[in-house]
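Undergrad: Sequence first, predicted model second:
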Amino acid sequence: MAPGLRERKRRAAMRHIQHVALDLFDAHGFQQVSVEQIADAAEVSPSSVYRYFGTKEGIVLADDFDSLSEAELTTIIDPHDLVGTVRTVVARFEPSPDQHDPEANLALRRIRYFFDEPSVRKASYETLANAVERITPILTASGGFTDSEARVMSSALVFGYFSAVEQWYRNPADRSIADVLDEALRTLRRL
């Protein structure tokens, strides 16, 4: 089900704020930029920035996955092909490195802050844990897994994906995120 007008406007506003914030972070450094500066440059109130993102780190971490409803997640997650599910999510939310559209490259611009900015990295673990909490009940409800099995599988996939992205970032060697992710997912399949 496609998001309504209000949701589309909210997502557009969030993307705009993210672009502005990343421009400021790139120019001045993450620690040197305040939420108030971001709000001023984005022509919104600081309370809007906090309402959308919660924290400055949240500006970097927020993506469309976070706004998916349980029903939307249920349609994306295939309990019988979890590795394929991760691949589908990546294709939906992570652009390929050869895309030149600034909107599509938002995820790529955010990646370096995940791994190079300690406060963002720390906050990313909470975001990943929240993703595990959202995915686990869907796997459990599918009838094929106990809660413990679903939690372990969700954690392996979510944190495995994060690890693959970090490997790509730390050692790009002209490899796409998709190639590094495929290698990581093959490893998870063997497990």
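TA: Received the coordinates, thanks. Since the model is a prediction, treat every value here as computed from it, not as a measurement.

Undergrad: all contacts plus neighbour counts: C-alpha atoms, from now on.
TA: Will do.

Undergrad: Contacts only, for the closest residue to Tyr113 other than its chain neighbours.
TA: In this structure, Tyr113 finds its nearest non-sequential neighbour in Val120, 6.4 Å apart by C-alpha to C-alpha, 6 or more residues apart in numbering. Counting by C-alpha atoms under 8 Å, 6 or more residues apart in numbering, Val120 makes contact with 57-58, 60-61, 113-114.

Undergrad: What distance do you get for Val120 to Val86?
TA: 22 Å (C-alpha to C-alpha, to the nearest Å).

Undergrad: With Ser148 instead?
TA: Between Ser148 and Val86 the distance is 20 Å, computed by C-alpha to C-alpha.

Undergrad: Have a look at the two and say which one is more surrounded.
TA: Taking other C-alpha atoms under 10 Å, Ser148 and Val86 do not tie; Val86 has more neighbours (21 against 11).

Undergrad: OK, contacts around that one?
TA: 157, 161.

Undergrad: switch to 10 Å and redo it
TA: Taking C-alpha atoms under 10 Å, 6 or more residues apart in numbering as the contact definition, Val86 lies against 76-78, 92, 157-158, 160-161, 181-182, 185.

Undergrad: Averaged pLDDT, the helix or strand that contains it. What do you get?
TA: Using DSSP states H and E, Val86 sits within helix 82-93. The predicted model assigns helix 82-93 a mean pLDDT of 72.

Undergrad: How about the following helix or strand past it, which residues are buried there?
TA: Per DSSP H and E, the first helix or strand lying C-terminal to helix 82-93 is helix 106-116. Along helix 106-116, these residues count as buried under the neighbour rule (16 or more other C-alpha atoms under 10 Å): 106-110, 112-115.

Undergrad: Out of these, flag the one nearest to Glu72.
TA: Ala107 (20.4 Å; C-alpha to C-alpha).

Undergrad: Would you agree the closest one is in contact with Leu61?
TA: Yes. The criterion here is C-alpha atoms under 10 Å, and Ala107 meets it with Leu61 at 9.1 Å.

Undergrad: With Thr55 as the reference, measure out to the residue nearest to the spatial centre of the chain.
TA: The centroid of the chain falls nearest to Asp63 when counting by C-alpha atoms, centre = their mean (5.0 Å). The gap separating Asp63 from Thr55 is 14 Å, by C-alpha to C-alpha.

Undergrad: For Ser34, give me the pLDDT.
TA: With respect to pLDDT, Ser34 has a value of 97.

Undergrad: low-scoring pLDDT stretches of this protein, where are they?
TA: 1-3, 90-104, 191 (pLDDT under 70).

Undergrad: Residue most distant from the centroid, it?
TA: Gly143 (27.2 Å).

Undergrad: which residues touch that one?
TA: Taking C-alpha under 10 Å, 6+ apart, we find Gly143 in contact with Pro79.

Undergrad: Torsion angles phi and psi at it?
TA: When read as degrees, to the nearest 10, the backbone of Gly143 gives phi 90, psi -10.
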